[in-house]
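# What follows is a predicted protein model with its sequence.
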2 protein chains.
Amino acid sequence: MFDFEIVARAGRSRAGVFTTPHGELLTPLFAPVGTQAAVKAVTPAQLQDVEASLVLANTYHLYLRPGDELIRDLGGLHQFMQWPRPLLTDSGGFQVFSLAATRRVDEDGVTFRSHIDGSEHRFTPEKAILIQENLGADIIMTLDECADPKDRLYVDGAMRRTHAWAKRCLAAKRRNDQALFAIVQGGIDPALRTASAQFISRLGTPGIAIGGLSVGESKAEMLDMLDLVTSILPEGKPRYLMGVGTPEDLIEGVRLGIDLFDCVLPTRLARHHAAFSSEGRLNLMNAAFSHDERPIDSTCDCYTCMTFSRAYLRHLIAARELLAGTLLSIHNLSSLIRLMQHLRAAILEGTLPATADALMQQWSNNAVRGIPA
Amino acid sequence: MFDFEIVARAGRSRAGVFTTPHGELLTPLFAPVGTQAAVKAVTPAQLQDVEASLVLANTYHLYLRPGDELIRDLGGLHQFMQWPRPLLTDSGGFQVFSLAATRRVDEDGVTFRSHIDGSEHRFTPEKAILIQENLGADIIMTLDECADPKDRLYVDGAMRRTHAWAKRCLAAKRRNDQALFAIVQGGIDPALRTASAQFISRLGTPGIAIGGLSVGESKAEMLDMLDLVTSILPEGKPRYLMGVGTPEDLIEGVRLGIDLFDCVLPTRLARHHAAFSSEGRLNLMNAAFSHDERPIDSTCDCYTCMTFSRAYLRHLIAARELLAGTLLSIHNLSSLIRLMQHLRAAILEGTLPATADALMQQWSNNAVRGIPA
């Protein structure tokens, strides 16, 4: 269980097979986000149609609603949401620091108020593990603190707490059918990132996550940190870049040896009427598409592109039909999953540099400046 | 084309096969409503999964947005919304009288303001046919005026206009690949209903619709009018009861010899968290379902019931996930389509009276008092 086999390399890039209790994950891969145990507006059957393999769910949200004990009592998250393939849960840390109504961190944990009803709760490393064991995902995360990268002093303290909490998470873990990944933090300070990558690497977890990126730093700063961290991490473990990202970030990440990605971008863009395409990102609300008989992307084989015209999708958006969000989500998810499949094939075929350049060229037309709220 | 073969009878009830350019319709049937060229929150693939055969779209809505000429230019409504099976459009009359911001009727037609942007428009019988020929559904409707049944004098005038407009619609019709159904009106006055059923029957259209019911009259009044009208209509033509209705109404309608039904009820109830079930109608927002591992209906074979628990659906509703509307719509549509399949099978097998009684007993637990707005 949790064997990670690297089947091909290209520079720092790797094509791997990560074995989990719910099947093999072919890496590099992009994981759709099902925050509340559902990928927004998309059924599990539709997710399987776009060849999603790993799906992420958020511990913070599921702890608050419907509650991790309820999900445990109903047979765990796979059974609850009827996702038969691997699942990953985050630790809840990121949402506590980004979403909760209030928070107060101390060395032992973090106390916060729910963004739903203002009720007070507390996460400790032990609690984060208990919740994730109740949820039962294949891949779980240590509790971490993601700090504003501009506040170096605070980043230092948050990193030290993240390290101490990672050790406590490892000690608290009971289930053997879950892979616990520890998380590298350290903001955008090379010394802190180096220290964190070294510390986390020594913990010997079956995989390592990189947190605290794509949280307000520049693209160059993010890539510098990724370059630094991936040069330190052990070769034989899967590397998960949390919450990233744009198509360009995925390509750069793969070049730098990242194996797993997740992001709300494809489904969130879909709800904002935007679709990835090989011609560049399209805002399908635009009246220019009202008579356009072409699919979003003539090179795409998803249900949406194989079935519907831009004109129809534009109509659904203008008419505020819920179906628009579903159809655009299917397409955007399919696009990023296909992108990763292309990169993986190129690693296997020894054509990664040229393929990555070509994909970067193509996807640069889809440049996304930040993720809509 | 538009041959209607009655393959079995039981009292007034009939099992038929209605041939259209986009395939055979097995009657009696229930047609999902795709008001704006989309059944709300449901893909055409999901509609095919629940064995929907006929889908209705609204002329008023599509004329205003995206426009019937645009749909014509893009190959017609089947191509636009990618529904490969038969389509029906209403004439727009009902929505002009129920939904438009203002309306002013005269003997020649009706002038109204759009509920979307207040712009002024005019429907005449000829215009209603032109729009519906642009849309290109298999079954189209004459322009009618649905009046408040309590105002007998007005109902009389509206009925006379409806009759005159029906003749003008027949004269205006150009396409041979569309079946134009004329509409019986007359409110809840037996003499007017009789006169209308006789007048409309004489027009010789390939099918006859019954309008102006389920618009505020009592259930007994509706059934009395149905009983009266179906005793007058020619045997060999399909009969379409417009905008009806509840499961009980469908069973009563089949007993009285109705062949086609449509209603927004199943998808609208779904968006209000309500699901049909053999135990009675369930409001899945109810906390009683939060730990319930059973499907909505253990006798149902739809994707939702074959896959998800009530507890999961309840969670999706509580968490305001769009997926809830999709999954409940699939189930509710499947329930009414299966109900009609059961009634048809009973007509064929000669067991209708007992089957209809048993289904009425079962579905009375799903009693719906009015359709939510």
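Alright, I've got the coordinates. Numbering: from 1, shown residues only, chains lettered A, B, ... in the order given.
# what residues does the helix or strand hosting A:Gly16 touch?
Take DSSP states H and E as the rule and A:Gly16 turns out to sit in strand A:13-20. Residues outside strand A:13-20 that contact it (CB atoms under 8 Å, 6 or more residues apart in numbering or on different chains): A:1-9, A:24-28, A:86, A:138-139, A:179, A:207, A:238, A:254-257, A:259, A:343-344, A:347-348, A:352. To be clear about C-beta, it is placed using only N, CA and C from the backbone, and glycine gets the same treatment.
# rerun that using 6 Å as the cut-off
A:3-8, A:24-25, A:27, A:86, A:138, A:238, A:254-255, A:257, A:259, A:344, A:347-348, A:352 (CB atoms under 6 Å, 6 or more residues apart in numbering or on different chains).
# Flag every buried residue along the helix or strand that contains A:Ala182.
A:Ala182 belongs to strand A:179-184 when elements are defined using DSSP H and E. Using 16 or more other CB atoms under 10 Å in any protein chain shown as the burial criterion, the residues of strand A:179-184 that qualify are A:179-184.
# what's the answer for stretch A:17-28, then?
For stretch A:17-28, by 16+ other CB under 10 Å, it's A:18-22, A:25-28.
# Quick one: neighbours of A:Ala8, just the number.
By the criterion of other CB atoms under 10 Å in any protein chain shown, A:Ala8 has 16 neighbours.
# err, A:Pro238, not the other one
Count around A:Pro238 with other CB under 10 Å applied: 26.
# what inclination does whatever helix or strand A:Leu359 lives in have with respect to strand A:13-20?
Assessed by DSSP H and E, A:Leu359 sits inside helix A:352-363. Computed by axes from the mean of the first three to the mean of the last three CA atoms, to 10 degrees, the angle separating helix A:352-363 from strand A:13-20 equals 90 degrees.
# ok, residues contacting helix A:352-363?
So helix A:352-363 is contacted by A:10, A:13, A:247-248, A:251, A:255, A:278, A:346 (CB under 6 Å, 6+ apart).
# Just give the nearest non-adjacent residue to A:Glu133, would you?
A:Arg175 (5.1 Å; CB to CB, 6 or more residues apart in numbering or on different chains).
# element containing the one you found?
Here A:Arg175 is assigned to no helix or strand, by DSSP H and E.
# for it, phi and psi?
phi -80, psi 140 (degrees, to the nearest 10).
# can you check A:Ile6 too?
Torsion angles, degrees, to the nearest 10, at A:Ile6: phi -90, psi 120.
# and if you look at A:Ala10?
Taking degrees, to the nearest 10 as the convention, A:Ala10 sits at phi -150, psi 100.
# What is the burial count for it?
21.
# do A:Asp117 as well
Around A:Asp117 there are 9 residues (other CB under 10 Å).
# Check whether it sits in a helix, strand or coil.
Three-state assignment for A:Asp117 (DSSP: H, G, I helix; E, B strand; the rest coil): coil.
# Would you check how far apart it and chain B are?
A:Asp117 sits 12 Å away from chain B, going by CB to the nearest CB, to the nearest Å.
# on that earlier part again, my read is that the residue nearest to A:Glu133 contacts A:Asn134, right?
No: contact criterion CB atoms under 6 Å: A:Arg175 and A:Asn134 do not qualify, at 9.8 Å.
# and these two? which has more neighbours close in?
A direct count of neighbours by other CB under 10 Å for A:Arg175 and A:Asn134 places A:Asn134 higher, at 20 against 12.
# Show the contacting residues for that one.
Neighbours of A:Asn134 in contact, by CB under 6 Å, 6+ apart: A:68-69, A:72.
# same check, this time on A:Ala37
Here A:Ala37 is in contact with A:57, A:81 (CB under 6 Å, 6+ apart).
# Next, it: phi, psi?
phi 70, psi 30.
# Could you do the one 4 residues further on as well?
Its backbone dihedrals place A:Ala41 at phi 70, psi 10, with angles given as degrees, to the nearest 10.
# Also A:Asp73?
Dihedral angles for A:Asp73 - degrees, to the nearest 10 - are phi -60, psi -30.
# Could you export the helix or strand of chain A with the lowest mean pLDDT as PDB, CA atoms only?
Least confident helix or strand of chain A, by mean pLDDT, DSSP states H and E, is helix A:93-98 with a mean of 90. Output of helix A:93-98 as PDB, limited to C-alpha atoms (Å, rounded to 0.1, in the frame of the first residue of the first chain):
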ATOM      1  CA  GLY A  93      -5.700  24.300   8.600                       C
ATOM      2  CA  PHE A  94      -5.900  26.300   5.400                       C
ATOM      3  CA  GLN A  95      -9.600  27.000   5.800                       C
ATOM      4  CA  VAL A  96      -9.400  27.800   9.400                       C
ATOM      5  CA  PHE A  97      -6.800  30.500   8.600                       C
ATOM      6  CA  SER A  98      -8.600  31.700   5.400                       C
END
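# coming back round to it: would you list the buried entries among the contacts of A:Asn134?
Buried among the contacts of A:Asn134 by 16+ other CB under 10 Å: A:68, A:72.
# Which of the contacts of A:Asn134 sits closest to chain B?
Nearest to chain B, judged by CB to the nearest CB, of the contacts of A:Asn134 is A:Glu69 at 10.4 Å.
# Which residues are in contact with that closest one?
Going by CB under 6 Å, 6+ apart, the list of residues near A:Glu69 reads A:Asn134.
# Just the CA trace of the helix or strand hosting it, in CSV.
Using DSSP H and E, A:Glu69 maps to helix A:68-73. Taking Å, rounded to 0.1, in the frame of the first residue of the first chain, the C-alpha atoms of helix A:68-73 are listed here in CSV:
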residue,chain,number,x,y,z
ASP,A,68,-17.1,13.8,10.4
GLU,A,69,-18.7,11.4,12.9
LEU,A,70,-21.9,11.3,10.8
ILE,A,71,-19.8,10.4,7.7
ARG,A,72,-17.9,7.8,9.7
ASP,A,73,-21.2,6.3,10.9
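# and the next element down the chain from that helix?
Next along from helix A:68-73, by DSSP H and E: helix A:77-81.
# Distance-wise, check whatever residue of the stretch 51-200 of chain A ends up closest to chain B relative to A:Thr89.
At 4.4 Å from chain B, A:Pro66 is the closest residue in the stretch 51-200 of chain A, using CB to the nearest CB. A:Pro66 sits at a distance of 14 Å from A:Thr89 (criterion: CB to CB, to the nearest Å).
# same deal with A:Gly253?
21 Å.
# Also A:Ser231?
Counting by CB to CB - A:Ser231 and A:Thr89 are separated by 28 Å.
# Between those two, which has more neighbouring residues?
A:Thr89 (26 against 12).
# And the average pLDDT for stretch A:123-140 is what?
For stretch A:123-140, the per-residue pLDDT values average out at 98.
# Of all the residues in the helix or strand just after the least confident helix or strand of chain A, which ones are buried?
For helix A:93-98, the following helix or strand on the C-terminal side (DSSP H and E) is strand A:102-106. Using 16+ other CB under 10 Å as the test for burial, strand A:102-106 gives A:103, A:105.
# Mind listing residues that contact strand A:102-106?
Residues contacting strand A:102-106 (CB under 6 Å, 6+ apart): A:96, A:110-113.
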